[in-house]
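Peer 1: Based on what follows, work out the 3D shape:
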Amino acid sequence: MPQQRFPKIEILSIAPHAISFILSDTDTSMANTLRRIMIAEVPTLAIDLVEYSENSSVLNDEYIAHRLGLIPIRYTPEGTMKGGDYHQAFHEAFLPHRECICYDKCPNCCVEFDLDVNFDKVNPTRPDQERDLPLTVTSRDLISNNILVAPAHFLSEEEQDESHDEGISIVKLGPGQHLKLRATARKGISKEHAKWCPVAVATYRFWPIITINEEACNMLTMEQKQKLVEACPDRILDLDEITGNMVAVENAYEMATFTEDLKMAQEAMKKRPEDDDFVHVIQSTDKFVFSVESTGAMDAEDILLSSLRVLKERLDELATEVEKLKD
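Peer 2: Presented below is the predicted three-dimensional model:
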């Protein structure tokens, strides 16, 4: 019977839109499962249907509908809910459209957004210096019928301060142009369509294991040690100012991606090809560094904890099916 494992997660950095963590005491199958669940199976809201009353902009209906589908839609539960609580609250708040018993759409499975922007009506209210410029229709113009659901206009305050628009740009209107529509957001997962994907980035790297052969390094001159330090473009090595020994830098795990130059430099310094390496860098098979960035539909922390909840649900379903086979 395989040895039982107890995976651990260590948070390196966390922000509303990004999280970095270490997953250890497991293997690549579990790491890749967690990554794929974050990408494809964490449920979110996204605009799935657009009904037009008028569109005299330069973009056709299908193009605008596509842009609306890519706007992150954020659900904010009442009170402060994180992780598993958020996942449960979202699960209880909305049903997938195909599972709802309503004929067309209802508050249990849909959220509606109204957008009505007329250039000729809005332009007189704009500052004088902007009246000759096109009017940008943004996600701020989408009015939700659910106070807990709204477009995610920006990932962070820094992004909002740097932006020239008030939200995510949809289309620009000129004199005489008018855009009026009703958009319907529904619950779904990215396995069905990418617009439901909650992550912009979900990747992992293998933790580097850096072993320095002190005995072999003692045979090198300071000039040779300096050459080894400079040979690696990632700068994962440094010289101790007191002892003169080579040491791995503190954040080597963030930078160790390419070590072939270091390997070639070592081969040139060896007296015999069969001699041991001065520095040996390999990839760990049970420790991984994850980087996850949100689209804005959910906080990065909620994405991680929701993915763990989904993984547990899948394993419970598998256990149930196995029990049925035993019977």
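Peer 1: ok, residues contacting stretch 234-248?
Peer 2: Stretch 234-248 has contacts (C-beta atoms under 8 Å, 6 or more residues apart in numbering) with 208, 210, 212, 214, 217, 222, 225-226, 228-229, 249, 252, 255-259, 262, 278-279, 281. Yep, even glycine has a C-beta here, placed from its N, CA and C like the rest.
Peer 1: same thing but at 7 Å, please
Peer 2: Stretch 234-248 is contacted from outside by 210, 212, 214, 217, 222, 225-226, 228-229, 249, 252, 255-258, 279, using C-beta atoms under 7 Å, 6 or more residues apart in numbering.
Peer 1: Tell me the buried residues in it?
Peer 2: Of the residues in stretch 234-248, 234, 236, 237, 246, 248 count as buried by neighbour count, 16 or more other C-beta atoms under 10 Å.
Peer 1: Report pLDDT for the last one.
Peer 2: Okay, so that is residue 248. pLDDT recorded at residue 248 is 82.
Peer 1: for it, phi and psi?
Peer 2: Backbone geometry at residue 248, expressed as degrees, to the nearest 10, gives phi -80, psi 140.
Peer 1: just to revisit the earlier point, if any of the contacts of stretch 234-248 are buried, give me the PyMOL selection for them.
Peer 2: The buried residues among these can be selected in PyMOL (16+ other C-beta under 10 Å) with this line:
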select buried, resi 210+212+217+225+228+229+249+252+256+279
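Peer 1: Which ones among the contacts of stretch 234-248 map onto strands?
Peer 2: Judged by DSSP state E, strands contain the following of the contacts of stretch 234-248: 210, 212, 279.
Peer 1: next SSE after the least confident helix or strand in the chain by mean pLDDT?
Peer 2: Least confident helix or strand, the chain: helix 157-162 with a mean of 73, by mean pLDDT, DSSP states H and E. Next in sequence after helix 157-162, counting helices and strands by DSSP states H and E, comes strand 169-173.
Peer 1: could you show me where the strands are in the protein, in order?
Peer 2: Under DSSP E, the chain gives strands at 8-15, 18-24, 44-55, 73-75, 110-118, 135-138, 143-144, 149-151, 169-173, 178-188, 199-212, 237-239, 246-248, 279-294.
Peer 1: closest to residue 158 out of those strands?
Peer 2: Nearest to residue 158 among the strands of the chain is strand 8-15 (10.4 Å), distances taken as C-beta to C-beta.
Peer 1: how much space between residue 181 and residue 205?
Peer 2: Using C-beta to C-beta, to the nearest Å, one gets 43 Å for the distance from residue 181 to residue 205.
Peer 1: Just give the closest residue to residue 96, not the sequence neighbours.
Peer 2: residue 187 (5.3 Å; C-beta to C-beta, 6 or more residues apart in numbering).
Peer 1: low pLDDT regions in the stretch 201-327 of the chain?
Peer 2: The stretch 201-327 of the chain contains residues with pLDDT under 70 at 327.
Peer 1: try it again with 90
Peer 2: 208-285, 323-327 (pLDDT under 90).
Peer 1: quick revisit: so which of the ones in strands among the contacts of stretch 234-248 comes closest to residue 317?
Peer 2: The shortest approach to residue 317 among the ones in strands among the contacts of stretch 234-248 belongs to residue 210, at 41.0 Å (C-beta to C-beta).
Peer 1: Quick check: beta-bridge partners of that closest one?
Peer 2: Taking DSSP bridges as the rule, residue 210 bridges to residue 281.
Peer 1: same thing with residue 13?
Peer 2: Residue 13 forms beta bridges with residue 20, as assigned by DSSP bridges.
Peer 1: so it makes contact with residue 22?
Peer 2: No: between residue 13 and residue 22 there is no contact under C-beta atoms under 7 Å: 11.0 Å.
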